[in-house]
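K.L.:
Using only what follows, build the 3D model:
(chains A, B, C and D)
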Amino acid sequence: MADLSVKIAGVSFKNPVIPASGTFGYGREYAEFYDIGKLGGISVKGTTLERRDGNPPPRVAETPAGMLNSVGLQNPGVEHFIREEIPYLKGTGVKIIANIAGSTPEDYAEMARRLDETDVDMIELNISCPNVKCGGAAFGTDPEVAGGITRLVKAATKKPVMVKLTPNVTDIALMAKAVEAEGADAVSLINTLLGMRIDIKTRRPVLKNNVGGLSGPAVFPVAVRMVWQVANAVKIPVVGMGGIATWKDAVEMMMAGASAVQVGAALFTNPYAPVEIIDGLNRYLDENGIAGVSDIVGTVQPW
Amino acid sequence: MADLSVKIAGVSFKNPVIPASGTFGYGREYAEFYDIGKLGGISVKGTTLERRDGNPPPRVAETPAGMLNSVGLQNPGVEHFIREEIPYLKGTGVKIIANIAGSTPEDYAEMARRLDETDVDMIELNISCPNVKCGGAAFGTDPEVAGGITRLVKAATKKPVMVKLTPNVTDIALMAKAVEAEGADAVSLINTLLGMRIDIKTRRPVLKNNVGGLSGPAVFPVAVRMVWQVANAVKIPVVGMGGIATWKDAVEMMMAGASAVQVGAALFTNPYAPVEIIDGLNRYLDENGIAGVSDIVGTVQPW
Amino acid sequence: MALHVGSYPLVKKEELAKGFYSFTLSCPEAAEAAKPGQFVNLKVPEFSLRRPISICEIDKAAGTLRLVLEVRGDGTEKLAAFEEGDKIDMLAPLGNGFAVNPAEKAAVIGGGIGVPPMLELAKRFSGTAYAVLGFRNEDASILEEDFRACCADTLLYTDDGSKGEKGFVTDGLKKLLSREKLDVIYACGPEIMLKNVIRLADSAGVRCQVSMEQRMACGVGACYVCACRMVMDGEEYYGHVCKDGPVFDSKQLVL
Amino acid sequence: MALHVGSYPLVKKEELAKGFYSFTLSCPEAAEAAKPGQFVNLKVPEFSLRRPISICEIDKAAGTLRLVLEVRGDGTEKLAAFEEGDKIDMLAPLGNGFAVNPAEKAAVIGGGIGVPPMLELAKRFSGTAYAVLGFRNEDASILEEDFRACCADTLLYTDDGSKGEKGFVTDGLKKLLSREKLDVIYACGPEIMLKNVIRLADSAGVRCQVSMEQRMACGVGACYVCACRMVMDGEEYYGHVCKDGPVFDSKQLVL
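P.N.:
Next up, the predicted model:
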């Protein structure tokens, strides 16, 4: 048994596999398949200050080796999360990553303040949701704004703060450096790539929101490249995501520089994907005589 | 028989299907499969002022529903192209789109000058190659530089000028507007998304260039979204590409706003892809009682 | 655990009409757990998203589920290519299912691909249920004999009159309402049909449950993509078809 | 047109060794056109890029091509899952092939998955060719009997001595060169092996042709991805394995 544990921004995860925000709810649904306490952590559904209803359906479209979604941050609000979901998650023993999204920079700070006294282990700033009109991706494409939100949140909480970055930018390493400079304890990437599908029979976009976020194996090579670029640009840990479906993908992403991985769309193809990735990582490490999963992080040797 | 012809920047193409630069050489290889004169046009291999040797191999990596390449603009130089390839292509009756890439803005102008008296029908500016160190994508991510190159080229030639845009930017519509303002007659998009794969056995990037350009069906939803955004932002025609593999994809891309389409990676899966797309478009138009393919361009109705 | 995931053999495949296939899968645990109105989520080779398919019949004794699917696009076309003996990766049973009281006088209303889920439901009423089925035309009509075998009466309508009567299921429902004192109406079909059925049920003061359709991803309530407009205490919100449904009391829905 | 593309039935499948499969495809036109040293490009279900596979044997009378493939990754694993009767989408024959003069005294040198393309070549010399085959170990050794049946002598080496002699193909080539006056040496295998074979051939003043391998996309010379370093008139440049090769005169290559 290799050592699968990883430490990110002072938080110890029993393994580096974390379901990604928005794909795993608050864990209850997948708890019908397996003990979610086996997971390294859970990045829960993106939470806003007030309850949000989300976008009208259809909210999903299939794409080659991937999918588009335009959920638009539907969630019951931070107070409901604190009251109803944190105690449940705490009981499972899994590390809790609260994912928060604001309409204004002050929203982020306010949520961080409210989460400060709770049992969440880490706060992930969603400054890159492509499916909301206020904030969202607009915050994530401007280094000044992203850095400013980070600074406000850091001042509002003692919890470790991880900033989730959008790939829809010219230079993602620049964004990572901007939030690192303002005190971010980690970055996670990539959020979804903005995409669109059109129904050629109706001549209408498949998504009622017209555009949505692309995820799934299709985006994996873009995610690996960006994680590699960011890991080479910052000193804080990088959590890699984007199209990871197998333990091999997880190994590749960690070699590119990710200290842990998040798994999203793969859950919809295979609900067991995260636990199979954990088992696969364990086997891989044992078969290759590698003592701990951290030993492979960032080990790619560029030509 | 529906009317498949399209007119772009004054050039009449017998149909809207054009093999994309770098995937079709100068047409000779695919002429062993079918009459390349059947195609709307050919965007030939990216040409530089002097012969270029390209990047060391491996230059290709497989990805889910796609591929990465890092050829790095290997080509025999513009004079060889003018002397050896244009006469051959002219003989096939296909419209010739010269694709040019420079290390400096002046390179583009110089090539445009030399091509001005030749039989090429259109000049496509490759300001977005991700695989070369000088120029390439760096030109394509800065609206000032992209606009400046366009201005220089327009002054150097009477041929219609189409600018090929990179998707690796925060706001592709901004880039399109920048080149339109400097006189571009059309834009084509998307070039490849920058990606990376790592061989987990050797812990080395699969590509000797470390990173490369992602193409294939995986990128199709990103391409559709960008074509839609650009078509809504500029008045000049848009040529759409990125993951088109079937006639349905071509219809979707044209509904998003593309006046014609380029087909690339699909050729490697199916050498007949472009002619099958032409046949499929024809059938689709007939079955739906649409008189001409131009009638579907930009007809998507957003919600 | 009531939820089952695995690869189950396709033991019987029939083409009911052009583009409509009946699949019988051997899956004893899922069959044991299943209720009428629930659905399954099938993995399609080479596609990322599973396809939700209603359960048409449940045979606990044989340990099988019967599904009827319509080829609508590339994904369902790929599903339709499965042959007897193939194994299909399935998540089942999902969703809530219909609330059934076999002592009640019930009408089941199905339109097009909304017809299959009404069959297992109708069977639960031991021959007392009335069925109203609607199809585009004769070529798209399915399962008529199955309903005749288990219902007190089966009224069939096609848009063009090529089979049964020309008209819509609402015409049949009106006829039923005029001659029978119904306790409950169940319906599945296009949204416009559901709207009209609910209107008729409301006018007649009969309870109504409808089964909804929406594009899905996870199928278990975690991803929030399959939104449908609901209302509670006068406040509207988005519920989710896979978890809050697919069956809803008509009073819960905003259509 | 010498190039053929289509779906061809797999008429015979054999596992030659763990992870090594022999596929015989019925494809009369491609077989008629094929030459030793050429390759085919196979479409892999669910993968974008075709996989180039060397032609191992050509039977014009039967209208078949024999291919031997090694499972190296997910793509070749998927290929290996084809069963007899399945049709495989193939582009063939591709590349230039070996220059053969049956009157010459030839040695064919193969290492690992470089062994199969030497078989059809060896057969062209009507029993006069010498074969030197190298494998990792006994479990990875393939086609020995096929070579013994058509060659004047077959020397077999394994890295660990578990079959034939312990050593490398270069040991066998040295032995051959010391006892035979060869006109030409053909080789296919890992780059380090090719380098050493060329060195020996050069020292002995024997002509040498080698077959190269590189990751490919189009397979026909249009996309320029399968680069290999070549030299002409002292100037180095990148040629392309699929079109300029896969067979090169050793003097054309920079290894």
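K.L.:
Give me the residue ranges of the chain where confidence is low.
P.N.:
This is for chain A. Counting by pLDDT under 70, chain A has low-confidence residues at A:130-137.
K.L.:
wait, chain C
P.N.:
For chain C, the ranges with pLDDT under 70 are C:1.
K.L.:
longest helix anywhere in it?
P.N.:
helix C:191-204 (DSSP state H).
K.L.:
residue boundaries of the helices in the chain?
P.N.:
Since no chain was named, I'll use chain A. Using DSSP H, helices in chain A cover A:78-80, A:86-92, A:105-115, A:137-140, A:143-156, A:172-181, A:220-231, A:247-256, A:266-269, A:273-287.
K.L.:
my question was about chain C
P.N.:
With helices called from DSSP H, chain C shows them at C:28-33, C:74-80, C:116-123, C:144-150, C:169-179, C:191-204, C:241-244.
K.L.:
got the contact list for the longest one?
P.N.:
When you say that, I think you mean helix C:191-204. Outside helix C:191-204, the residues that touch it by Cβ atoms under 8 Å, 6 or more residues apart in numbering or on different chains are C:109, C:111, C:114, C:134, C:168-170, C:173-174, C:177, C:182, C:185, C:187-189, C:207-208, C:210, C:212, C:250, C:253, C:255. Glycine gets a C-beta too; all of them are placed from N, C-alpha and C.
K.L.:
what's the answer for the last one, then?
P.N.:
With Cβ under 8 Å, 6+ apart as the contact definition, helix C:241-244 has outside contacts at A:29, C:52, C:94-96, C:212-214, C:216, C:218-221, C:226-228, C:230, C:252.
K.L.:
Check the contact between A:N99 and A:T48; I expect there is one.
P.N.:
No: applying Cβ atoms under 8 Å, one finds A:N99 not in contact with A:T48, separated by 10.2 Å.
K.L.:
Compare those two (neighbour count), which wins?
P.N.:
Just comparing A:N99 and A:T48: by other Cβ atoms under 10 Å in any protein chain shown the higher neighbour count belongs to A:N99, 26 against 23.
K.L.:
near chain A, which residues of chain C?
P.N.:
Contact residues (Cβ under 8 Å from any Cβ of the partner chain) of chain C with chain A: C:1-3, C:5, C:43, C:47-50, C:75, C:91, C:214-228, C:237-238, C:243.
K.L.:
Not including adjacent chain positions, what is the nearest residue to the residue sitting nearest the centre point of chain C?
P.N.:
With distances taken as Cα atoms, centre = their mean, C:P117 lies nearest the centre of chain C, 2.6 Å away. Distances taken as Cβ to Cβ, 6 or more residues apart in numbering or on different chains put C:S54 closest to C:P117, at 3.8 Å, once the chain neighbours are dropped.
K.L.:
which residues sit in contact with A:L281?
P.N.:
By Cβ under 8 Å, 6+ apart, the neighbours of A:L281 are A:2, A:4, A:15-17, A:247, A:250-251, A:293.
K.L.:
Out of these, flag the one nearest to chain B.
P.N.:
A:V251 (4.8 Å; Cβ to the nearest Cβ).
K.L.:
pretty sure the closest one contacts B:R203?
P.N.:
No: proximity of A:V251 to B:R203 does not meet the contact threshold set by Cβ under 8 Å, at 9.6 Å.
K.L.:
What residues does chain C have near chain D?
P.N.:
C:45-46.
K.L.:
Now do the domain split for chain C, please.
P.N.:
According to automatic domain parsing, chain C comprises the domains C:4-94, C:98-211, C:213-255.
K.L.:
Could I get the ones you listed in a markdown table, plus columns for distance to D:K35?
P.N.:
Listed next are the domains of chain C as a markdown table, based on distance: least, Cβ to Cβ, whole Å:
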| stretch | distance to D:K35 |
| --- | --- |
| domain C:4-94 | 35 |
| domain C:98-211 | 54 |
| domain C:213-255 | 51 |
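K.L.:
what about burial for the contacts of helix C:191-204, which qualify?
P.N.:
Buried residues within the contacts of helix C:191-204, counting neighbours by 16 or more other Cβ atoms under 10 Å in any protein chain shown: C:109, C:111, C:114, C:134, C:168-170, C:173-174, C:177, C:182, C:185, C:187-189, C:207-208, C:210, C:212, C:250, C:253.
K.L.:
residues in contact with the residue of the stretch 151-255 of chain C found nearest chain D?
P.N.:
Per Cβ to the nearest Cβ, C:A217 is where the stretch 151-255 of chain C lies closest to chain D, at 20.4 Å. C:A217 makes contact with A:60, A:67, A:69, A:265, A:268, C:49-50, C:223, C:225-226, according to Cβ under 8 Å, 6+ apart.
K.L.:
and of the residues you listed, the nearest to A:D121?
P.N.:
C:C223 (22.9 Å; Cβ to Cβ).
K.L.:
wait, isn't the closest one in contact with A:A265?
P.N.:
No: C:C223 is beyond contact range of A:A265, at 9.1 Å (criterion: Cβ under 8 Å).
K.L.:
list residues touching both of the two?
P.N.:
Residues touching both C:C223 and A:A265 (Cβ under 8 Å, 6+ apart): A:23, C:217.
K.L.:
Quick one: neighbours of residue 45, just the number.
P.N.:
No chain was given, so I picked chain A. Neighbour number of A:K45 under other Cβ under 10 Å is 24.
K.L.:
wrong chain, I was asking about chain C
P.N.:
14.
K.L.:
wait, isn't it in contact with C:G75?
P.N.:
No: between C:P45 and C:G75 there is no contact under Cβ under 8 Å: 9.7 Å.
K.L.:
what are the phi and psi values for C:G37?
P.N.:
C:G37 adopts backbone torsions of phi 100, psi -10, taken as degrees, to the nearest 10.
K.L.:
For it, which residues are in contact?
P.N.:
Neighbours of C:G37 in contact, by Cβ under 8 Å, 6+ apart: C:54-55, C:95-98, C:117, C:120-121, C:211, C:246-247.
K.L.:
In TSV, list the residues you listed along with distance to B:L207.
P.N.:
Shown next, in TSV, are the contacts of C:G37 (distance: Cβ to Cβ, whole Å):
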residue	distance to B:L207
C:S54	47
C:I55	48
C:G95	46
C:N96	50
C:G97	52
C:F98	55
C:P117	50
C:E120	54
C:L121	57
C:S211	50
C:P246	47
C:V247	52
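K.L.:
ok, of those, which one's closest to B:K95?
P.N.:
Checking these one by one against B:K95 (Cβ to Cβ), the nearest turns out to be C:S54, at 51.3 Å.
K.L.:
residues contacting that closest one?
P.N.:
Contact partners of C:S54, counting by Cβ under 8 Å, 6+ apart, are C:37-39, C:67-68, C:116-117, C:188, C:211, C:246.
K.L.:
again, only using 6 Å
P.N.:
By Cβ atoms under 6 Å, 6 or more residues apart in numbering or on different chains, the residues touching C:S54 are C:39, C:116-117.
K.L.:
Save those residues as a markdown table, and put in distance to D:A152 too.
P.N.:
Formatted as a markdown table, those follow (distance: Cβ to Cβ, whole Å):
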| residue | distance to D:A152 |
| --- | --- |
| C:F39 | 69 |
| C:P116 | 71 |
| C:P117 | 74 |
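K.L.:
sorry, back to before: between A:V251 and B:R203, which one's more packed in?
P.N.:
Taking neighbours as other Cβ under 10 Å, A:V251 and B:R203 compare with A:V251 leading, 25 against 14.
K.L.:
quick one: contacts for that one?
P.N.:
B:I200.
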